[in-house]
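J.: Got a sequence here, can you build the structure:
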Amino acid sequence: MVCLLLPSRGLLAAAWLVVATGCERAAALDPATAAAVDDEVRPPAVVAAAPTTALPPAPPPPPSTRGPIRAIDPAANSGLVAFVDALPADGSAFVGPLAGNGGRDVLIFVPPGIDSSADFRLVYHFHGTHSERVAMRRKGMAKKEWVGWNRVQQTIDAVGELQARGPDNIVLVYPLSAGKRREPGLTGWYNKEYDRMWMASAPPAKTDDFETLHAEVVALLAKDFSIPAARLHDEVLAEGHSAGGIALLNIARSGTHRVGEYLFLDASFQGWADGCWEALRASGDDALVSLVVTRNGIADPFGKPDPWCTRLEEGASAWELERRMCGGSRAKTKSCADLEQAALDWDHYRAWCGAMRDGGMPGVFVHVTRISHGEQPRHFGGGLELPRDRATRQGATTPRK
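T.: Numbering: from 1, shown residues only. Below you'll find the model as predicted:
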């Protein structure tokens, strides 16, 4: 045992007394007892801690093991917030404004039943007229006020069924349009109801851009849903219902090669689906253009509301009969200028209109149905009730029954 004599000054006096008392006590004891006492008063040995290596943070749990996620951006200001609040608690959702959608709200929805071993397929759905207004239907409410809620619910139900069928996991991306808005170079409202500028970038005022929107979606899926980009299919499905078809046309014209299929849900009005197909072929893109057409509906080029294929063909035939008689005078039923224009348009649309009726257009699949216009999102959203092998059936048109 070693006895230390410490200076008996100030606060160290107490320490000196303790140590000195220990020495005197040890001297009075027998050697064995003194050794035991010595062990009691000896300070414990200081053992140097082993160096530690910081462990990497645990990876987030896979989507299949996480509970439902509800990520609502504080800047969200549309009816999509109330819609998500009313959803069952078994699906995951984000709502918030995204720059690629012109700063307007976008819903990202992942249905329940995620298969942790499967990859994810993205479905972008562009809604029709008035559907930017999302409000739960109440008695006495005008249809244009509640139709948006109805359409997004139909689309949610469709992708939920797709998810249950497999084999892929599904992510729905549901942007809202601006509705009626001014267009560059025009002093007034050009369109009464729908948004022709959707997904048509015209900076600085119009910032819609599909590539930007997709990049934002991919980042949010990784951040909020723990779905990394490596789990996403390279190509996405872009679908437009009714007036949402104009967004598909603008996306195709933007030059992106990210879309594997453009699906027009009763949205193939003159110049839209055919314009999409022409833009794709001009850029060397082999994406499939699929059309679902309600027989005799508003997008049927041979239907009652706007039989534009029939009208052009008849106008071209009338021009052949009457152009010798025109010479500056008016024809019997239409102006010579109108008939001549119909003949020119028919030359352009002859092959397309033939494909709408009989098939044969490469890269185009046409499905004619009796499902009504307003119910198409529920039946065909994400390609739900279409043949899965439609990509191999290009040029096919289902019979017009």
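J.: Would you list the phi and psi of Leu291?
T.: When quoted as degrees, to the nearest 10, the phi and psi of Leu291 stand at phi -120, psi 130.
J.: same deal with Lys139?
T.: When quoted as degrees, to the nearest 10, the phi and psi of Lys139 stand at phi -60, psi 130.
J.: What is the burial count for it?
T.: Counted with other Cβ atoms under 10 Å, residues neighbouring Lys139 total 4. Yep, even glycine has a C-beta here, placed from its N, CA and C like the rest.
J.: Over to Ala219?
T.: If you count neighbours by other Cβ under 10 Å, Ala219 ends up with 12.
J.: The residue nearest to the spatial centre of the chain: which element?
T.: Closest to where the C-alpha atoms of the chain average out (Cα atoms, centre = their mean) is Val173, at 2.0 Å. Element membership of Val173 [criterion: DSSP states H and E] is strand 169-175.
J.: Note down every partner strand of that strand and its orientation.
T.: Strand 169-175 sits in its sheet next to strand 104-110 (antiparallel), strand 120-126 (parallel), going by DSSP bridges.
J.: Can you tell me what sits against the last one?
T.: Outside of strand 120-126, the residues within contact range by Cβ atoms under 8 Å, 6 or more residues apart in numbering are 155, 159, 162, 168-175, 177, 198-199, 214, 217, 221, 227, 231-233, 236-241, 244-245, 247-248, 377, 381-382.
J.: cool, the first one as well?
T.: Under the criterion Cβ under 8 Å, 6+ apart, residues 63, 69, 76-78, 80, 83-84, 91-98, 132, 152, 156, 159, 169-178, 213, 217, 220-221, 225, 227 lie in contact with strand 104-110.
J.: and the protein, what are its domains?
T.: 10-41, 66-300+362-393 (automatic domain parsing).
J.: Please identify the deepest-packed of these.
T.: Across the domains of the chain, averaging neighbours per residue (mean count of other Cβ atoms under 10 Å) puts domain 66-300+362-393 on top, at a mean of 19.
J.: thinking again about what came up before, skipping its backbone neighbours, what lies nearest the residue nearest to the centre of the chain in space?
T.: In space, and not counting its chain neighbours, Val173 is closest to Tyr124: 4.7 Å by Cβ to Cβ, 6 or more residues apart in numbering.
J.: Residues in a beta bridge with the one you found, which ones?
T.: Here Tyr124, judged by DSSP bridges, has bridge partners Val173, Ala238.
J.: That one and Gly244, how far apart?
T.: As judged by Cβ to Cβ, to the nearest Å, Tyr124 and Gly244 stand 10 Å apart.
J.: Measure how far stretch 118-129 is from the centre of its chain, please.
T.: Mean-position distance between stretch 118-129 and its chain equals 5 Å (Cα atoms, centre = their mean, to the nearest Å).
J.: brain fart, stretch 351-371
T.: Mean-position distance between stretch 351-371 and its chain equals 27 Å (Cα atoms, centre = their mean).
J.: Pass me the low-pLDDT residue ranges in the chain, would you?
T.: Residue ranges of the chain with pLDDT under 70: 1-55, 57-66, 184-193, 327-334, 396-401.
J.: and the gap between Val217 and Arg253?
T.: Distance of Val217 to Arg253, given as Cβ to Cβ: 21 Å.
J.: nope, Ala229 is what I was after
T.: From Ala229 to Arg253 the distance is 26 Å (Cβ to Cβ).
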